[in-house]
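Fold the following and give me the result.
(one chain, ligands or ions: 1)
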Amino acid sequence: MTERTPAAESGGGPRLELAGVSKVYDDGTAALAEVTLGVGGGELVSVVGPSGCGKSTLLRIAAGLEAPTSGTVRHAPERIGYVFQDPALLPWRTVRANVELLMELRGTPRAERRERAGRALELVGLAEFARHRPGALSGGMRMRVSLARTLADDPDALLLDEPFGALDEITRAGLGDELAALLAARPRPAVLVTHSVAEAAFLSSTVLVMSARPGRVVARVEIPFPFPRERSLRATPEFAEVVADLTGRLYRGMAEVA
Ligand SMILES: Nc1ncnc2c1ncn2[C@@H]1O[C@H](COP(=O)(O)OP(=O)(O)OP(=O)(O)O)[C@@H](O)[C@H]1O
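So this is what the prediction gives:
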């Protein structure tokens, strides 16, 4: 779907590329077989696969938090934003102070921090909650604060590890729409790990289906719907067909013995 993405139209930008990466942990656990992944600016690639197949390991390698046992991280943008399933907010800090945290750690001057945090909170629709503490927010709102914290730091690539996993269907669909809009506004490579095949199909340009551990890519499926995608797409037979195809590949991949 590269030809339909905003970045492709504007000539690219930073890429994220992993070539043949595998991971065997020190205790001998083979987590990841050879995985090759290339994501251009403005592309969102989703990774689906059975529990424990190495999806988080793959993201950690892409982020430079973990060294691969073999293979290489060919290109990784310098500033990578990592969004975890748990929003991990500091309860004693206000929403704004949480959003400022990464910038504070980088030594960004106070006035600039304020300004960027304010803009990020507006982007995720939480400007009026800047002075609240996380405890006063719903789960979906906390996740939006976490997203705002990452965006305010203005990373060149986004890695999202099941960021909406703990939320109800409607909230996660809303946040998915927000994520799509944010990527369209500022194209950068994004990789989303999700357990929801429908979420992967709706948000992504490409979906990678992984086998059981040690995970390898059993299918690379380009999603044939142009961006921006309307919510009504989810209710169409064409979309249901893509989801059914992905689900079939996922189940066949789970059954394969590596
Ligand atoms: N630091 C570690 N040391 C040893 N084994 C690990 C370590 N981290 C992860 N593993 C193992 O590697 C395998 C892959 O884990 P990983 O968290 O990457 O999978 P996942 O696909 O993200 O799982 P889930 O979907 O359940 O979150 C699992 O068997 C896990 O127990």
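
Whichever residue of the stretch 151-258 of the chain sits closest to the ligand and residue 136: what is the separation?
Using C-beta to the nearest ligand atom, the point where the stretch 151-258 of the chain gets nearest to the ligand is residue 213, with a distance of 5.4 Å. Heads up, the C-betas are built off the backbone N, CA and C, glycines and all. Relative to residue 136, residue 213 is positioned 40 Å away (C-beta to C-beta, to the nearest Å).

Of those two, which one has the most company?
Neighbour comparison, residue 213 and residue 136: the larger count goes to residue 213, with 19 against 12 (by other C-beta atoms under 10 Å).

what's near enough to touch that one?
30-31, 50, 52-54, 258 (C-beta atoms under 8 Å, 6 or more residues apart in numbering).

Repeat the analysis, applying 10 Å as the threshold.
By C-beta atoms under 10 Å, 6 or more residues apart in numbering, the residues touching residue 213 are 29-33, 49-54, 57, 258.

Export these to JSON lines and append columns for distance to residue 160 and neighbour count.
What follows is these, written out as JSON lines (distance: C-beta to C-beta, whole Å; neighbours: other C-beta atoms under 10 Å):
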{"residue": "29", "distance to residue 160": "24", "neighbour count": "14"}
{"residue": "30", "distance to residue 160": "25", "neighbour count": "15"}
{"residue": "31", "distance to residue 160": "19", "neighbour count": "22"}
{"residue": "32", "distance to residue 160": "18", "neighbour count": "28"}
{"residue": "33", "distance to residue 160": "23", "neighbour count": "22"}
{"residue": "49", "distance to residue 160": "15", "neighbour count": "25"}
{"residue": "50", "distance to residue 160": "19", "neighbour count": "19"}
{"residue": "51", "distance to residue 160": "17", "neighbour count": "9"}
{"residue": "52", "distance to residue 160": "19", "neighbour count": "14"}
{"residue": "53", "distance to residue 160": "17", "neighbour count": "25"}
{"residue": "54", "distance to residue 160": "16", "neighbour count": "28"}
{"residue": "57", "distance to residue 160": "15", "neighbour count": "24"}
{"residue": "258", "distance to residue 160": "26", "neighbour count": "12"}
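
Near the ligand, list only the ones from these.
29, 31, 49, 51-54, 57 (C-beta under 6 Å from any ligand atom).

State the pair within those that is farthest apart.
With C-beta to C-beta as the measure, no two of these lie farther apart than 29 and 49, at 15.8 Å.

Return the residues of the protein in contact with the ligand.
25, 27, 29, 31, 49, 51-57, 213.

Closest to residue 42 out of those?
residue 55 (22.0 Å).

Can you read off the pLDDT for that closest one?
pLDDT, residue 55: 95.

Likewise for residue 78?
pLDDT, residue 78: 81.

The one 5 residues further on too?
On pLDDT, residue 83 comes in at 91.

again, but for residue 169
For residue 169, the pLDDT comes out at 83.

likewise residue 10?
pLDDT, residue 10: 39.

Do a quick rundown of the strands in the stretch 1-150 of the chain.
Assigned by DSSP state E, counting those that start in this stretch, the stretch 1-150 of the chain shows strands spanning 16-24, 30-39, 44-48, 70-75, 80-83.

Could you export the contacts of residue 213 to TSV, including columns for distance to residue 101?
Below are the contacts of residue 213 laid out as TSV (distance: C-beta to C-beta, whole Å):
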residue	distance to residue 101
29	32
30	36
31	30
32	30
33	36
49	31
50	34
51	30
52	31
53	31
54	29
57	26
258	40
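
Surely residue 204 is in contact with residue 196?
No: using C-beta atoms under 10 Å, residue 204 makes no contact with residue 196, being 11.3 Å away.
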